[in-house]
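*Asks:* Next come a sequence and a model predicted from it.
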Amino acid sequence: APALVIVGMFMIKRITEIDFTDIEVAFPAFITMLTMPLTYSISHGMAFGFISFTIIKILLGKFKDIDIVMWVIAILSALSLVIK
């Protein structure tokens, strides 16, 4: 448990570096921060973050800004959430 508290403190420390005025960055970050404690899983929180980032870019028509690695991670994350 102490190790998780320390990891949480390191994660909270980086919140100040997120640009919350930019929806492309703020929404996926918010979804990630929200789903981690609600699902009791860091990996599920990250999966929702990857998926929401990709969806936001698609909705804004910025397909070129999505790297091929992000496409793969988002698709694998979505499959992981659906299969479980």
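*Replies:* Yep, it's here.

*Asks:* which stretches of this structure form helices?
*Replies:* Secondary structure of the chain by DSSP state H: the helices cover 2-13, 23-39, 42-59, 68-83.

*Asks:* Point out the most buried one among the ones you listed.
*Replies:* With neighbours defined as mean count of other Cβ atoms under 10 Å, the helices of the chain peak in mean count at helix 42-59, which reaches a mean of 18. The way it works is simple: take the backbone N, C-alpha and C, and place the C-beta from them, glycine included.

*Asks:* contact partners of that one?
*Replies:* With Cβ atoms under 8 Å, 6 or more residues apart in numbering as the test, helix 42-59 has contacts from 23-24, 27-29, 31-36, 39, 63, 65-66, 70-71, 73-74, 77-78, 80-81.

*Asks:* Give me the distance between the most centrally placed residue in the chain and A1.
*Replies:* Nearest to the mean C-alpha position of the chain, by Cα atoms, centre = their mean, lies G49 at 1.8 Å. To A1, G49 is 24 Å away according to Cβ to Cβ, to the nearest Å.

*Asks:* Same check on G8?
*Replies:* In terms of Cβ to Cβ, G8 sits 11 Å off from A1.

*Asks:* With K62 instead?
*Replies:* Distance from K62 to A1, by Cβ to Cβ: 41 Å.

*Asks:* one step back: mean pLDDT lowest for which of the helices of the chain?
*Replies:* Mean pLDDT is lowest for helix 2-13 out of those, coming in at a mean of 84.

*Asks:* Report the distance from that one to the chain centre.
*Replies:* Helix 2-13 sits 17 Å away from the centroid of its parent chain (Cα atoms, centre = their mean, to the nearest Å).

*Asks:* Put the alpha carbons of it into PDB.
*Replies:* C-alpha atoms of helix 2-13 as PDB (Å, rounded to 0.1, in the frame of the first residue of the first chain):
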ATOM      1  CA  PRO A   2       2.800   2.600   0.700                       C
ATOM      2  CA  ALA A   3       4.200   2.100  -2.800                       C
ATOM      3  CA  LEU A   4       0.800   2.900  -4.300                       C
ATOM      4  CA  VAL A   5       0.500   6.100  -2.300                       C
ATOM      5  CA  ILE A   6       4.000   7.200  -3.500                       C
ATOM      6  CA  VAL A   7       3.000   6.400  -7.100                       C
ATOM      7  CA  GLY A   8      -0.200   8.300  -6.700                       C
ATOM      8  CA  MET A   9       1.700  11.300  -5.400                       C
ATOM      9  CA  PHE A  10       4.000  11.300  -8.400                       C
ATOM     10  CA  MET A  11       1.000  11.100 -10.700                       C
ATOM     11  CA  ILE A  12      -0.800  14.000  -8.900                       C
ATOM     12  CA  LYS A  13       2.300  16.100  -9.100                       C
END
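
*Asks:* Cheers, nothing more for now.
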